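Colleague: My questions are about this predicted structure, shown below with the sequence.
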Amino acid sequence: MRAGLFPDDSIVRKVNRENVLILGGGRALLMQLAHPKVAAGVDEHSDFRVRPIQRLRRTVLMTMAIVFGDRQTALAAVNAVNRTHARVRGRDYRALDPDLLLWVHATLVDSALVTYETFVRPLSASAREEFYRQMNIAGEMLGIPRERFPATFEDFRSYVDTMLSASGPVQVDERARELGRFVLRPKVRLVPGGAMIPFEVVTAGLLPAGLREQYGLKWGRGHERFFRLVVKALPRLIAVTPPILRVWPLPGHDVKLAANLSLTS
């Protein structure tokens, strides 16, 4: 097995290999779209309205390539993302804007930790700090200047809170609400829309309360009860699930992922 950017026992691999993290994908997407400039770039430079699941899939493949691939695979994935981002610009935004890159990166880091700690197990403060530090290595490769990263995980949490505050730049507009509907109820072949309701409830439960309200997501007692049931039952199920079903890739297995992922913003 050829060496990658991170050792197999690193916290960034430990967290990201859990398949349950896919449940946080909708949360990350909605947080990204809540930034008006990110939403504009996604809407104007991709087929998101037609194939929203593809963006999540591409993000997952990119993350897997960088975190689990050998160095050649990781660098190829980084180059593919950076080439695509270089072409994405509009009237008042560009994908390579460090501020936008940092926000998208933050949604991935924050959502990975929230989902892992909700459905797998809590992490120590030192483990969160180390996960944040290791994820920033990938973020820097994707164009975020090193000095732009908050210095510590505590500073990172303050950054996210500030971005989501009433005076922050992350404010859900009508475009974001339109795109958000495609995230929560994507048109999946042979899958009726109602089948996505559990995913919608879990996504709403994982979202920061302020964003949930801005998106206009329903959140009554029934939704809360269902979410609490999932939070209680899923970690127990995951704890007894064999690795061959629970994680990907299996520890020690080489990862071969396509570098030319046709990634779009």
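Modeller: Ah, there it is. Values in this document were obtained by computation on a predicted structure and should not be read as measured data. Numbering: from 1, shown residues only.

Colleague: any idea where the helices of the stretch 1-150 of the chain begin and end?
Modeller: 11-16, 25-33, 36-44, 52-68, 71-86, 98-119, 125-141 (DSSP state H, counting those that start in this stretch).

Colleague: and of those, who's closest to F227?
Modeller: helix 98-119 (9.7 Å; C-beta to C-beta). From N, CA and C alone the C-beta is placed, and that goes for glycine too.

Colleague: Would you mind finding the most buried of the helices of the stretch 1-150 of the chain?
Modeller: Greatest average neighbour count among the helices of the stretch 1-150 of the chain goes to helix 25-33 (a mean of 26), per mean count of other C-beta atoms under 10 Å.

Colleague: how close does the spatially most central residue of the chain get to T241?
Modeller: Residue closest to the mean C-alpha point of the chain, counted by C-alpha atoms, centre = their mean, is L108 at 3.4 Å. For L108, the distance to T241 (C-beta to C-beta, to the nearest Å) stands at 24 Å.

Colleague: do P235 as well
Modeller: For P235 relative to T241 (C-beta to C-beta), the value is 11 Å.

Colleague: same check, this time on F226
Modeller: 21 Å.

Colleague: Enumerate every residue touching the residue nearest to R49 when sequence neighbours are not counted.
Modeller: Using C-beta to C-beta, 6 or more residues apart in numbering and skipping residues adjacent in sequence, the residue nearest R49 is F182, 5.8 Å away. Going by C-beta atoms under 8 Å, 6 or more residues apart in numbering, F182 touches 48-49, 52.

Colleague: now do K218
Modeller: Taking C-beta under 8 Å, 6+ apart, one finds A204 in contact with K218.

Colleague: sorry, back to before: least confident of the helices of the stretch 1-150 of the chain, on average?
Modeller: With a mean of 86, helix 52-68 has the lowest mean pLDDT of the helices of the stretch 1-150 of the chain.

Colleague: Can I get it in PDB? Just the C-alpha atoms.
Modeller: Extracted as PDB, the C-alpha positions of helix 52-68 are listed here (Å, rounded to 0.1, in the frame of the first residue of the first chain):
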ATOM      1  CA  PRO A  52     -28.300  17.600  -6.500                       C
ATOM      2  CA  ILE A  53     -27.100  14.100  -5.300                       C
ATOM      3  CA  GLN A  54     -24.200  14.400  -7.800                       C
ATOM      4  CA  ARG A  55     -22.700  17.300  -5.900                       C
ATOM      5  CA  LEU A  56     -22.700  15.300  -2.600                       C
ATOM      6  CA  ARG A  57     -21.300  12.300  -4.400                       C
ATOM      7  CA  ARG A  58     -18.500  14.400  -5.900                       C
ATOM      8  CA  THR A  59     -17.700  15.900  -2.500                       C
ATOM      9  CA  VAL A  60     -17.600  12.400  -0.900                       C
ATOM     10  CA  LEU A  61     -15.300  11.100  -3.700                       C
ATOM     11  CA  MET A  62     -13.000  14.100  -3.400                       C
ATOM     12  CA  THR A  63     -12.800  13.700   0.300                       C
ATOM     13  CA  MET A  64     -12.100  10.000   0.100                       C
ATOM     14  CA  ALA A  65      -9.400  10.600  -2.600                       C
ATOM     15  CA  ILE A  66      -7.600  13.200  -0.500                       C
ATOM     16  CA  VAL A  67      -7.900  11.500   2.900                       C
ATOM     17  CA  PHE A  68      -7.600   7.800   1.900                       C
END
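
Colleague: how far is it from where the chain is centred?
Modeller: 9 Å (C-alpha atoms, centre = their mean, to the nearest Å).

Colleague: swap in stretch 199-210?
Modeller: Between the centre of stretch 199-210 and the centre of its chain there are 14 Å (C-alpha atoms, centre = their mean).

Colleague: Give me the residues contacting that stretch.
Modeller: In contact with stretch 199-210 (C-beta under 8 Å, 6+ apart) are residues 23-24, 26-27, 30-31, 111, 114-115, 118, 164, 183-185, 212, 215, 217-219, 223-224, 226-227, 230-231.

Colleague: if we can go back for a sec, the residue nearest to the centre of the chain: what's its closest spatial neighbour, skipping adjacent residues?
Modeller: With C-beta to C-beta, 6+ apart as the criterion, L108 has its nearest non-adjacent residue at 5.6 Å, and that residue is A28.

Colleague: Nice, that's everything, thank you.
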